[in-house]
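Participant: below is the sequence, then the predicted model.
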Amino acid sequence: MNAGGQHEAPADAGRQAPDREAPDREAPDRRRTDQQSEFRFDGGATWQNLLGTRGQSFGPHPIERLGTVERLAAWLAHCELSPDLAPAEADLAKTLSLRDALSALALAVVDGRPPEPSVVARVVEFAAADPGPVRVALVQSVGGGEPALRRAAPADTTEALGRIARQALEQLTGPERHQLVSCAEHDCRWVFVDPTGRRRWCPSPSCASRGRVRALRARRRTDADRP
């Protein structure tokens, strides 16, 4: 109250309250996108992990994890297939072509139907780029441990893809083919190894989660329709 008996307004009455920081509603979406773009290395073999570089392949919005040459180089490095000659744009196109061919071939084997001859020929052509004989050497471990036996690095990406194609052909035509299954999710169908023969979904947690939720809803609808 001032000398005239009037109440004084608080000094900050004319100021606007500071805006509270709005919640970052896009953060969960960004995290989800980052998780989706992560490479998958739990398919069982390198050629199956190549299939895993494309998520939800048969859905309306496939997830491409090999979108750039840099991503391809990073994937090859993780697979210990970094070539002496760095990958180029043409190598990325070759990699995606091999991935498509391997996917078609693997699904034909898993489904028990004859593969398209053109698909077989394409994979065999890729495999021919893996020259012989195999060159191996003892390589010193990065951490200073005991030397480990390693195959010599591929000269270029074409040779690296040849190794992947040859690995796939050996598994898809050998006795291990009986342990291959495809994910039950219609938009995924990732081919992976299942020695138990009891798995319905691929190693991706999202596929199992979506499948279980859908099965639960179907059971509830069935229960609701019962008299």
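Facilitator: That came in fine, so what should we check first?

Participant: just how off-centre is the lengthiest helix in the chain within its chain?
Facilitator: Determined from DSSP state H, the single longest helix within the chain is helix 89-111. Relative to the chain's own centre, helix 89-111 is displaced by 14 Å; criterion: C-alpha atoms, centre = their mean, to the nearest Å.

Participant: please point out which parts of the following helix or strand past it sit buried.
Facilitator: Following helix 89-111 in sequence order, the next helix or strand is helix 117-127 (DSSP states H and E). Residues of helix 117-127 classed as buried: 119-120, 122-123, 126-127 (neighbour count, 16 or more other C-beta atoms under 10 Å). Where C-beta positions appear, they are placed from N, C-alpha and C, glycine not excepted.

Participant: and stretch 100-113, by the same measure?
Facilitator: Applying 16+ other C-beta under 10 Å to stretch 100-113 flags 101-110 as buried.

Participant: tell me which of the residues you listed is nearest to A73?
Facilitator: L102 (19.8 Å; C-beta to C-beta).

Participant: what helix or strand is the closest residue in space to the closest one that isn't next to it in sequence on?
Facilitator: Of all residues not flanking L102 in the chain, A168 sits nearest, at 5.4 Å (C-beta to C-beta, 6 or more residues apart in numbering). Assessed by DSSP H and E, A168 sits inside helix 157-173.

Participant: ditto for N49
Facilitator: Going by DSSP H and E, N49 is in helix 46-51.

Participant: any idea of the mean pLDDT for that helix?
Facilitator: Helix 46-51 carries an average pLDDT of 96.

Participant: what does that helix contact?
Facilitator: 39-43, 57, 79, 81, 95, 98-99, 102-103, 106, 163-165, 167-168, 171, 190-193 (C-beta atoms under 8 Å, 6 or more residues apart in numbering).

Participant: output the lowest mean pLDDT helix or strand found in this structure.
Facilitator: Among the helices and strands of the chain, helix 27-37 carries the lowest confidence by mean pLDDT, DSSP states H and E, at a mean of 52.
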